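Asks: Sequence first, predicted model second:
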Amino acid sequence: MKALLLLEDGTLFEGKGFGATGSQVGEVVFNTGMTGYQEVLTDPSYCGQIVTMTYPLIGNYGTNADDMEATLSFAKGFVVREACDMPSNWRNRKSLHDYLAHYGVIGIEGIDTRMLTKRIRTKGTLKGVIASGPNLSAEDAKSYLQQDLRTDQILQVTTKSPYRCPGSGRRVVVMDYGVKGGTIRSLINRDCDVIVLPANATLQDVLAWDPQGILLSNGPGNPDDIPFAAELVRELLGKIPIFGICMGHQVISLACGATAKRLTFGHRGANHPVKDLRNKRVYITSQNHGYVIDEASLRSTELELTHINLNDGTVEGVRHTRFPAFSVQYHPEARPGPDDSDYLFDEFMALIDQFWEGR
Ligand SMILES: NC(=O)CC[C@H](N)C(=O)O
């Protein structure tokens, strides 16, 4: 089956379709992970994006029931050099082709993903159309390019109603901007009583659960598109300990007066080096973000820079100097990726205990 990928700068790639058929418009981004494609496909932070993997052979170990970060895939398309159609792994349930077809994601293979990645690196992430099926024409794909990219991704991916994963330990409310299963599991592994609330829950909704800690999750899109999130966090600062991950980190930062800016091509992969400035240790981290907090904007806030990215020096973590709140731009739940940063969940537990001790 023929498939096309057309970029807004006019570059056209022709390849072979796999997975679902149809046409979709999205932001074309690249991920440098050699493995972890199933976690990438089910990470809600990729909502609205067409993801290309830079590693040339994808699908070797198939797909399974354990590596789902959400029950759906929100990616608009998946671009690979070569999709393996004979996976080999004891956990394998479905080939990548069947998996994408099942979850409605359009795949294209056989294109020059190195050239595509280089283009994104120089020009920045680009709008694109992915199309697969019979009777395709570049003209049809071009007409799809006229569509605007949506900016309401968080409302598309957040839970529609609250749910609870009961536990005997600390009660933590998770603000779901597109939370990954791995984050909830990291809390469950620490016996937390986890309540997951929709992204637009109000202060009353949060306080009704009488939480001891708040976790602000990862999520898709531009943090400036969800001003209600920063407003809520402003109300919670100093009252309940807060830990922010990725979008959650951006939300805390905006709530404290910092600003976010767009990175040219983002950080998406499983081996980004991050330095913890407090102990000078370097951690290898899993990342997926297109925006970053502007370091200069931290100066007029009560936030202190705690982590930086060693590839480009950008902000990777902050801590409030007066209130119990801290956050990181990367993925400590490590799905996929090295679990070097798991200790941050322990720091969150310690922060909760410290804050409530003697109150
Ligand atoms: N994974 C995330 O939470 C990413 C945050 C935000 N959507 C960004 O791209 O910067």
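Replies: That came through, no problem.
Asks: Helix or strand: which one has the residue nearest to Met1 when sequence neighbours are not counted?
Replies: Using Cβ to Cβ, 6 or more residues apart in numbering and skipping residues adjacent in sequence, the residue nearest Met1 is Gly17, 4.0 Å away. All C-beta spots, glycine's among them, are computed from the backbone N, C-alpha and C. Gly17 belongs to strand 12-19 when elements are defined using DSSP states H and E.
Asks: Just the CA atoms of the helix or strand that comes right after that strand, as PDB, please.
Replies: Under the assignment DSSP H and E, the closest C-terminal helix or strand after strand 12-19 is strand 22-31. The C-alpha trace of strand 22-31 is given here as PDB (Å, rounded to 0.1, in the frame of the first residue of the first chain):
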ATOM      1  CA  GLY A  22      -6.400   7.400   6.000                       C
ATOM      2  CA  SER A  23      -5.000  10.900   6.200                       C
ATOM      3  CA  GLN A  24      -3.900  13.000   9.300                       C
ATOM      4  CA  VAL A  25      -2.300  16.300   9.900                       C
ATOM      5  CA  GLY A  26       0.100  16.700  12.800                       C
ATOM      6  CA  GLU A  27       3.400  18.200  14.100                       C
ATOM      7  CA  VAL A  28       6.300  16.100  12.800                       C
ATOM      8  CA  VAL A  29       8.800  15.300  15.500                       C
ATOM      9  CA  PHE A  30      11.600  12.700  16.000                       C
ATOM     10  CA  ASN A  31      12.500  10.400  18.800                       C
END
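Asks: Point out the other helices and strands that strand 22-31 packs with.
Replies: strand 49-53, strand 77-80, strand 106-109, helix 113-123, strand 126-132, helix 138-144, strand 260-276, strand 281-293 (3 or more Cβ pairs under 8 Å, 6 or more residues apart in numbering; DSSP states H and E).
Asks: who does the helix or strand just after it touch, helix- and strand-wise?
Replies: Downstream of strand 22-31, the first helix or strand assigned by DSSP H and E is helix 37-42. Counting by 3+ Cβ pairs under 8 Å, 6+ apart, the packing neighbours recorded for helix 37-42 are strand 49-53, helix 96-103.
Asks: tell me which parts of the stretch 1-150 of the chain are close to the ligand?
Replies: With Cβ under 6 Å from any ligand atom as the criterion, the stretch 1-150 of the chain comes near the ligand at residues Ser45.
Asks: Show me the contact partners of stretch 9-21.
Replies: Applying Cβ atoms under 8 Å, 6 or more residues apart in numbering, the contact partners of stretch 9-21 are 1-6, 78, 83, 96-97, 99-101, 103-112, 116, 119, 123, 126, 132-133, 138, 141.
Asks: before we move on, back to that, out of the helices and strands packed on helix 37-42, which is closest to Glu333?
Replies: strand 49-53 (19.1 Å; Cβ to Cβ).
Asks: Off-centre distance for the closest one?
Replies: 13 Å (Cα atoms, centre = their mean, to the nearest Å).
Asks: How about stretch 202-216?
Replies: With Cα atoms, centre = their mean, you get 23 Å for stretch 202-216.
Asks: my guess is Asp353 is in a strand, correct?
Replies: No: counting by DSSP: H, G, I helix; E, B strand; the rest coil, Asp353 falls outside a strand, being helix.
Asks: buried ones in the least confident helix or strand in the chain by mean pLDDT?
Replies: Ranking every helix and strand in the chain by mean pLDDT, DSSP states H and E puts helix 138-144 at the bottom, with a mean of 89. Neighbour-count burial for helix 138-144, with 16 or more other Cβ atoms under 10 Å as criterion, is recorded at 141, 144.
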